Each structure stands twice: as C-alpha cells, then as structure tokens.
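Student: okay, here's the prediction I keep looking at, along with the sequence it came from:
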Amino acid sequence: MVCTKMEITQRIYDGCDCYPWMQVFAFWPVKTLSGRYVWLRKIYKRKFWVVWGTGFHMEPHVEYAELFDILAYESIHG
C-alpha cells in the first residue's frame with residue numbers, strides 16, 4: 001500500500017474555533033511559515049480549519065510566524 005501526503009485543498013479562517021494572529025511566547029521550538037524553527041521569543045500564532053483532499057476530512061490547524069513572515073504571506077496571498 002502506497003501512502004501519499006494529503007494536500008490541503010482549502011483553509012477556513014472564519015469558522016468555529018478559529019482565531020486570527022495573536023502574539024504568544026514560544027517556550028519550545030515551533031516551525032514558522034518561513035520554515036525556520038524558533039523558540040524562547042515572542043512570535044505570532046493563529047488557528048484555522050484545513051480541508052484535506054476532496055472535502056470529506058477537516059481538522060484544526062495552527063500556524064506560527066514572525067512579524068516579517070506575516071507581512072510577506074499577506075502580500076502574496078492577499
């Protein structure tokens with residue numbers, strides 16, 4: 001049996017239990033949007049729902065970012 005990585009097909013930012021970017025302190029290493037691992041500093045975190053595959057599976061997802069990551073992401077993805 002071949003296991004393939006499921007692609008995120010949709011991101012839902014305005015659903016139940018979602019919240020926008022908020023400042024938190026990273027006590028343990030977390031991976032940011034840029035792919036870097038950071039810890040022991042203030043970063044930003046948001047929670048949203050992701051849809052995997054053809055829309056039959058949804059689960060909450062958390063992203064971490066530094067301020068410049070957020071600005072770069074918002075300028076690209078609007």
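Tutor: Perfect, thanks for sending it.
Student: alpha carbons only for contacts and neighbour counts from here, please
Tutor: OK.
Student: any chance you could read off phi and psi for residue 63?
Tutor: phi -120, psi 150 (degrees, to the nearest 10).
Student: count the neighbours of it for me.
Tutor: By other Cα atoms under 10 Å, 14 other residues sit near residue 63.
Student: any idea how far it is from residue 34?
Tutor: The spacing between residue 63 and residue 34, counted by Cα to Cα, to the nearest Å, is 11 Å.
Student: ok, how many other residues are close to the nearest residue to residue 38 once chain neighbours are set aside?
Tutor: The shortest distance from residue 38 to any residue other than its chain neighbours is 5.3 Å, reached at residue 29 (Cα to Cα, 6 or more residues apart in numbering). Residue crowding around residue 29 was assessed by other Cα under 10 Å; the count is 12.
Student: gap between residue 29 and residue 70?
Tutor: Distance from residue 29 to residue 70, counting by Cα to Cα: 18 Å.
Student: by contact count, what packs against whatever helix or strand residue 42 lives in?
Tutor: Element membership for residue 42, per DSSP states H and E: strand 41-52. Packing partners of strand 41-52 (3 or more Cα pairs under 8 Å, 6 or more residues apart in numbering; DSSP states H and E): strand 8-12, strand 19-26, strand 57-65.
Student: deepest-packed of the ones you listed, please.
Tutor: Using mean count of other Cα atoms under 10 Å, the stretch among those with the greatest mean number of neighbours is strand 57-65 (a mean of 15).
Student: give me the residue at the spatial middle of this structure.
Tutor: In the chain, the centroid-proximal residue (Cα atoms, centre = their mean) is residue 63; its distance is 2.5 Å.
Student: ok, now which ones touch that one?
Tutor: For residue 63, the set of contacting residues under the criterion of Cα atoms under 8 Å, 6 or more residues apart in numbering consists of 32, 33, 45, 46, 47.
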